[in-house]
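> Below are the sequence and a predicted model; questions follow.
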Amino acid sequence: MTDTSPFVLVDHPRPHVAVVRMHRPDRLNAMSIELVSELHAALGALAEENDTWVVVLTGSGRGFSSGLDLKDHGVVPNIDGLSVGRIAQRSMRHYSRLVPALRRMPQPVIAAVNGPAYGGGMCLALGADLRFASESAVFNSTGIVNGLTSTELGVSWILPRLIGVARSNDLLLTGRLVDAHEALAMGLVSRVLPDDELLDTCLDVAESMSRFSPYGLAMTKDVLWANLEVASLEAAVELEDRNQLMLGFTENLPEAIRAFAAGRPPVYTDEPRRSMFPE
């Protein structure tokens, strides 16, 4: 591509909140190599920001992302000396590692799905921890439509766990369009909002979450994802117990009790508890 403007924009519009915006509005934020490279870099940088506690992911213009750019997908960097097979593998992983990158971030990620989320764009939204959709949002799996497979970017693992096998198979095998209200009914998203209210609502929710302990947010996210992979209730409870104990050794709960008694908002510091037992 000849355009040297950034394909991913990052700003911090509220305290402790970052917005990541895919920025190819003329292509419905289609996922070129350049955009994906910048998105990897942006997510990695935000994951290291200690003062950023919640992230909102969205698209510029009238869409979230139309998935892989079939017209101008670009070339993955650093391929000199590689065989065709290794280039193909590296290119595929450049895309597919986006969802694990979202999962590894300590910050909860809210996907503000502001229009079409097709193919890899839908899969990217599934990698977020929360999904809010605009009235104009529409989802579909384009791989099957384009003669490929619908199973990409972890969708075959995430989607059945999110909405059940029957509905997941219906989306992935038929390639049909799913509008925002059907997506809400099946549990693909948790809220549908007017187009002009979507981002502000996501920012409000992110800001409200930032009143909580950032340690608590990060640990809750970790366990929610980890317990999708455990095989039993007993194993899930064991992990939850240890997670809760780690937060219990901080000053947060005593602060919550003090704040409730004083009629004020709590201020969580995540500092170690000064005294576990009364003297």
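Yep, it's here. Residues are numbered from 1 along each chain as shown.

> alpha carbons only for contacts and neighbour counts from here, please
OK.

> burial count for the nearest residue to A236 once chain neighbours are set aside?
Leaving aside its sequence neighbours, A236 sits nearest to N227 (CA to CA, 6 or more residues apart in numbering; 5.7 Å). Using other CA atoms under 10 Å, N227 has 16 other residues around it.

> cool, V84 as well?
V84, neighbours per other CA under 10 Å, totals 10.

> so where is this structure shaky, pLDDT-wise?
Of all residues in the chain, those with pLDDT under 70 make up the ranges 1-5, 72-75, 78-79, 87, 276-279.

> Which parts of it are helices?
Across the chain, reading from the start of the chain, the helices by DSSP state H fall at 33-47, 84-96, 98-104, 120-126, 155-163, 165-174, 180-186, 198-209, 214-226, 233-248, 252-262.

> Just to check, the residue nearest to A236 is in contact with V237?
No: look at N227 against V237 with CA atoms under 8 Å: they stay out of range, at 9.0 Å.

> who touches A231 in this structure?
Under the criterion of CA atoms under 8 Å, 6 or more residues apart in numbering, A231 has no contact partners.

> Grab the nearest non-local neighbour of A166.
Closest residue to A166 in three dimensions, ignoring its sequence neighbours and counting by CA to CA, 6+ apart: P160, at 7.9 Å.

> who's in contact with the one you found?
166-169.

> sorry, back to before: now the helices of the chain in a markdown table, with distance to I110?
Listed next are those as a markdown table, based on distance: least, CA to CA, whole Å:
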| stretch | distance to I110 |
| --- | --- |
| helix 33-47 | 13 |
| helix 84-96 | 19 |
| helix 98-104 | 10 |
| helix 120-126 | 9 |
| helix 155-163 | 15 |
| helix 165-174 | 21 |
| helix 180-186 | 15 |
| helix 198-209 | 7 |
| helix 214-226 | 12 |
| helix 233-248 | 22 |
| helix 252-262 | 25 |
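
> Let me know which of those helices is tucked in deepest.
helix 120-126 (a mean of 26; mean count of other CA atoms under 10 Å).

> Alpha carbons only: can I get that helix in CSV?
Taking only C-alpha atoms (Å, rounded to 0.1, in the frame of the first residue of the first chain), the coordinates of helix 120-126 have been written out as CSV:
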residue,chain,number,x,y,z
GLY,A,120,-12.1,-11.9,10.6
GLY,A,121,-13.8,-8.8,11.9
MET,A,122,-16.5,-10.9,13.6
CYS,A,123,-13.7,-13.2,14.9
LEU,A,124,-11.8,-10.2,16.3
ALA,A,125,-14.9,-9.0,18.1
LEU,A,126,-15.3,-12.5,19.7
